[in-house]
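**Q** Return a 3D structure for these sequence lines:
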Amino acid sequence: TRLPRARVSPGSTTRASNAVPLGIRVAMSYASNHAANGDGKILGEMEELVDASMKFTRVLKRKGVSQATLQVAVRARPLSRKEMSNGARTITKLVDERCVVVLDPDEDANESTVPGVPKPLKRKEVAAGVRKKERRYVFDAAYDGEATNESVYAGTVLPHIAGVLRGTNATVFAYGATGSGKTHTMVGNQHDPGLMVLSLRDVFRFIASDGGEKDYKVECSYTEVYNELVYDLLVPNSPALELREDPERGPMVSGLTHVAVDDENAIFELLRKGNARRKTEETGANAVSSRSHAVLEIWVTRTDRNHYCKAYTTGKLALVDLAGAERASETNNRGHQLRDGANINRSLLSLANCINALGKRKKKGFVFVPFRDSKLTRILKDGLCGNSRTVMVATVSGSSHQYEHTVNTLKYADRAKEIKTHVHENRGTVETHIAEYQRMIDALQEERRELRAEVDRLKGGGGGGDGGQVGGPSKGFVAAVNGGRGRESGGGGGGGG
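**A** The predicted model follows:
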């Protein structure tokens, strides 16, 4: 069979072994060991799995598509003054740059199982010395309360900015409970700008450092989803807009304003105005609570300069600031605030269901994903399973009073690590634009009128006789094209005729 022949000895590093993914090599070794024990059924199943995986990978490479895993980072905010006055303590600890531990909120911090801290009492332990409420998670990156937005940006979003200028899509969204620091992470403030501001800054810096060999066009739009209605934040008193499906570009908002910007200051001003129009209110859980989901989209189109058959690439950067999940018993909301909170929870529940379904695809094959349950999930469809490199920033509170919200957020973030996206560059080739064709046609028609007028003038001023009528205009036309010795040449032609 093929599987035993694909085995590689532990000490050898061949070209064939490096071409096969590590997971498939492990499966091949596992199947070969069982084959040695006479288990032919497992060998056949693993052989089919390897063949299907390799075939799928080859098809993607032929189409210029690369498979990417959703990148997940977690950020724990420090305790607020209100939480410290209420007796809360920090329960989130970073073991290293990727591992975060959520401690048991009912126990003293001195009895933690984190390395370097005394071991807890036996009566508080379960199997293998693990606390009943203690949780450990490993993500692509983890940040504590001392991390700035600049450090979070450098480890999550910055590596994808250059790809957007080359024509790939990228999506960044913050997910977490209300008051966990999502808006601070995405928008920030004057002293600590958020991921939106830093991303826009580096887009124009990358364009400026390109050397002027390409032409760039940058457009932006800013929308919000409030009570399952979509509004344009770049237009004062915007009416509700319709969300439609485009066969090529995916979900699109009909009537949405796309503003062309030339520098970072212009787009920062648009972002400031959009944030001022966004709906925020004070609740019992957060003094400045976002009551809507905000989506900032940046399109960067790069074209060849001074080339008739122009090649272009279009990349999209989507930055999403989600509203936080909340409980009515904690926020003490009444009236329209209670209705807003219910709509926020409904859309976030749809997002959680989509994350759960996409995470199960790896184990169960085809699974229905309920994207159409909410307009938020329809907007994020490409970012979750389509053509995009996606970064999820899970924001949590380090307070012991927010233990359940913290664990729920990290649980969904852990499931999101299984989501796969298929990324390819958005390339195209277009000849001179229709407007440029029209300009060329107008110029040729004007030249034709001038030459026609010159011919008529030569006909009227040429010599006599039929030969003059024929030979004079013909030579006069040639003379007019070559520089304008019309009358003399025409007369000479007429005489010659």
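**Q** Can you give me the distance of residue 273 to residue 182?
**A** Applying C-beta to C-beta, to the nearest Å, one obtains 21 Å for the distance of residue 273 from residue 182. Yep, even glycine has a C-beta here, placed from its N, CA and C like the rest.
**Q** So for the two, which residue has more residues nearby?
**A** Legend: neighbour count by other C-beta atoms under 10 Å for residue 273 and residue 182, higher for residue 182 (26 against 14).
**Q** In space, what's closest to that one - neighbours in sequence excluded?
**A** Distances taken as C-beta to C-beta, 6 or more residues apart in numbering put residue 174 closest to residue 182, at 4.0 Å, once the chain neighbours are dropped.
**Q** correct me, but the one you found touches residue 188?
**A** No - the criterion here is C-beta atoms under 8 Å, and residue 174 misses it with residue 188 at 11.4 Å.
**Q** Settle it for me: which of these two has more neighbours?
**A** Just comparing residue 174 and residue 188: by other C-beta under 10 Å the higher neighbour count belongs to residue 174, 26 against 19.
**Q** Do you know the pLDDT at that one?
**A** For residue 174, the pLDDT comes out at 93.
**Q** what's the helix or strand hosting it packed up against?
**A** Residue 174 belongs to strand 170-176 when assigned by DSSP states H and E. Packing partners of strand 170-176 (3 or more C-beta pairs under 8 Å, 6 or more residues apart in numbering; DSSP states H and E): helix 158-166, helix 182-186, helix 195-208, strand 310-321, helix 381-385, strand 389-397, helix 403-416.
**Q** Mind doing that once more with 7 Å?
**A** helix 158-166, helix 182-186, strand 310-321, strand 389-397, helix 403-416 (3 or more C-beta pairs under 7 Å, 6 or more residues apart in numbering; DSSP states H and E).
**Q** Of all these, which one is nearest residue 86?
**A** Among the helices and strands packed on strand 170-176, strand 389-397 comes nearest to residue 86, with 12.7 Å by C-beta to C-beta.
**Q** so what strands line up beside that closest one?
**A** Sheet pairing of strand 389-397 (DSSP bridges) gives strand 71-77 (parallel), strand 170-176 (parallel).
**Q** got TSV for the ones you listed, with distance to residue 220 too?
**A** Below are these laid out as TSV (distance: least, C-beta to C-beta, whole Å):
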stretch	distance to residue 220
strand 71-77	23
strand 170-176	14
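**Q** what's the pLDDT at residue 399?
**A** In this model, residue 399 is scored at 91, pLDDT.
**Q** Now it. Its backbone dihedrals?
**A** phi -80, psi 140 (degrees, to the nearest 10).
**Q** Test my guess that it contacts residue 84.
**A** No - using C-beta atoms under 7 Å, residue 399 makes no contact with residue 84, being 8.8 Å away.
**Q** Just want to know which of these two has more residues nearby.
**A** Between residue 399 and residue 84, counting by other C-beta under 10 Å, residue 399 is the more crowded of the two (26 against 13).
**Q** which residues touch the more buried one?
**A** Taking C-beta atoms under 7 Å, 6 or more residues apart in numbering as the criterion, residue 399 is in contact with 79, 83, 88.
**Q** Many thanks, I have nothing further to ask.
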